[in-house]
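Student: sequence plus predicted model, see below.
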Amino acid sequence: MKILITGGAGFIGSHVVRRFVSNYPTYEIYNLDALTYAGNLENLRDVENRPNYNFVKGDIVDEEFIKDLFEKHTFDGVIHLAAESHVDRSITDPLAFVRTNIIGTVNLLNAFRDLWKDNFDEKRFYHVSTDEVYGSLGADGLFTETTAYDPNSPYSASKASSDHFVRAYGETYGLPYVMSNCSNNYGPNHFPEKLIPLFINNIIENKPLPVYGDGKYTRDWLFVEDHARAIDMVFHKGKNHETYNIGGFNEWQNIDLVKLLCDIMDRKLGRTPGSSQELITYVKDRPGHDLRYAIDADKINKELGWEPSVTFEQGLEKTIDWFLANEKWLNNVTSGEYQEYYDKMYS
């Protein structure tokens with residue numbers, strides 16, 4: 001089996017690539033990544049020399065490139081993770097999200113459809129999406145697979161659109177797809193524009209910890225290795241034309257998460273308890289900020305037997321330990337353009 005994993009040098013993608021390369025030595029795994037700011041081949045140094053691993057540099061927005069790639073390698077399956085994914089960036093540059101998340105997805109769908117036409121036996125297109133397409137929850141309730149879409153940011157709108165295209169190709173062309181919508185991921189190799197790696201880095205450097213608004217926004221947190229394991233199960237066992245919500249059963253208000261992170265970092269770094277909490281700085285809220293996300297993952301639990309393997313506290317300890325042991329990686333990705341971006345967003 002030949003499997004194309006898009007965005008495989010990114011945060012979630014690299015964990016999926018590693019799992020498939022390691023667990024399925026008879027598969028040929030092709031990692032397609034444009035290597036933009038968040039794509040980093042350092043994430044995959046441990047598997048780059050495996051005989052079943054292949055890296056391809058390219059952009060899913062390039063229609064002809066994608067078409068030629070599918071004709072050359074005749075992929076049996078696609079796991080599509082490549083995306084622009086940071087809400088803050090989508091607010092400043094919505095068109096970048098339209099190009100990658102919508103046009104890029106349609107290019108992949110067209111190439112997959114045209115390659116196999118009406119002979120889709122044993123083939124599968126797996127589209128990885130986000131819980132943000134559902135919009136914002138109040139104090140109660142959970143997102144289910146049948147929750148109506150209600151995106152509130154350019155990022156979530158672009159992902160919602162790509163989800164609709166995948167479903168439309170399933171209905172119109174009989175394309176065999178599965179889809180999953182996940183909650184916030186965290187873990188090793190996370191690019192430090194997102195909350196947890198950003199704050200780990202800032203605590204190390206004794207820089208302010210910018211908390212939006214009153215800090216009471218609530219998110220469900222999913223350890224990235226558990227997400228990769230869920231993707232593995234959905235790809236191999238999920239039913240065609242079905243969606244599976246993947247959540248960590250770990251709801252935390254941002255401010256409570258930040259305080260927990262500070263306490264663990266103080267212990268790990270040998271600092272005075274409570275000292276890192278003094279770095280917390282409340283900043284102007286971002287536009288269209290969703291109050292709460294929470295995933296109901298009962299379907300994937302009951303149908304496929306998946307559940308998280310770690311608590312949030314356990315996963316956070318593992319994540320912090322990885323970042324502290326890989327400061328060279330962290331220093332490399334937070335130099336140059338990253339610093340300009342950080343100054344623009346948080347100064």
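Tutor: Perfect, thanks for sending it.

Student: quick one: list the elements packing against the lengthiest helix in the chain.
Tutor: Across the chain, the helix with the greatest residue count (assigned by DSSP state H) is helix 154-173. Packing partners of helix 154-173 (3 or more CB pairs under 8 Å, 6 or more residues apart in numbering; DSSP states H and E): helix 87-92, helix 94-97, helix 104-116, strand 124-130, strand 177-182. All C-beta atoms are positioned from the backbone trio N, CA, C, and that covers glycine.

Student: quick one: average pLDDT of that helix?
Tutor: Mean per-residue pLDDT for helix 154-173: 97.

Student: that helix to strand 124-130, inter-axis angle?
Tutor: Here the directions of helix 154-173 and strand 124-130 differ by 160 degrees (axes from the mean of the first three to the mean of the last three CA atoms, to 10 degrees).

Student: thinking again about what came up before, redo the helices and strands packed on helix 154-173 as CSV? Include mean pLDDT.
Tutor: Output for those, formatted as CSV (pLDDT from 0 to 100):
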stretch, mean pLDDT
helix 87-92, 88
helix 94-97, 96
helix 104-116, 98
strand 124-130, 98
strand 177-182, 98
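
Student: Throw these into CSV and include distance to residue 67, thanks.
Tutor: Shown next, in CSV, are the helices and strands packed on helix 154-173 (distance: least, CB to CB, whole Å):
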stretch, distance to residue 67
helix 87-92, 27
helix 94-97, 22
helix 104-116, 5
strand 124-130, 15
strand 177-182, 19
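
Student: tell me which of those approaches residue 293 most closely.
Tutor: Ranking the helices and strands packed on helix 154-173 by proximity to residue 293 (CB to CB) places strand 124-130 first, at 9.0 Å.

Student: just the CA atoms of the closest one, as PDB, please.
Tutor: In PDB, the C-alpha atoms belonging to strand 124-130 read as follows (Å, rounded to 0.1, in the frame of the first residue of the first chain):
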ATOM      1  CA  ARG A 124      -9.300   5.700   1.000                       C
ATOM      2  CA  PHE A 125      -9.100   9.500   1.300                       C
ATOM      3  CA  TYR A 126      -8.800  10.700   5.000                       C
ATOM      4  CA  HIS A 127      -9.500  14.300   5.700                       C
ATOM      5  CA  VAL A 128      -8.300  15.600   9.100                       C
ATOM      6  CA  SER A 129     -10.300  18.600  10.300                       C
ATOM      7  CA  THR A 130     -10.900  20.600  13.500                       C
END
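
Student: which secondary structure elements does it contact?
Tutor: strand 77-80, helix 104-116, helix 154-173, strand 177-182, helix 224-237.

Student: need these in TSV (columns: distance to residue 1 and mean neighbour count).
Tutor: As requested, these are exported to TSV (distance: least, CB to CB, whole Å; neighbours: other CB atoms under 10 Å):
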stretch	distance to residue 1	mean neighbour count
strand 77-80	7	24
helix 104-116	14	21
helix 154-173	21	20
strand 177-182	15	24
helix 224-237	10	21
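
Student: grab the nearest non-local neighbour of residue 224.
Tutor: residue 187 (3.4 Å; CB to CB, 6 or more residues apart in numbering).
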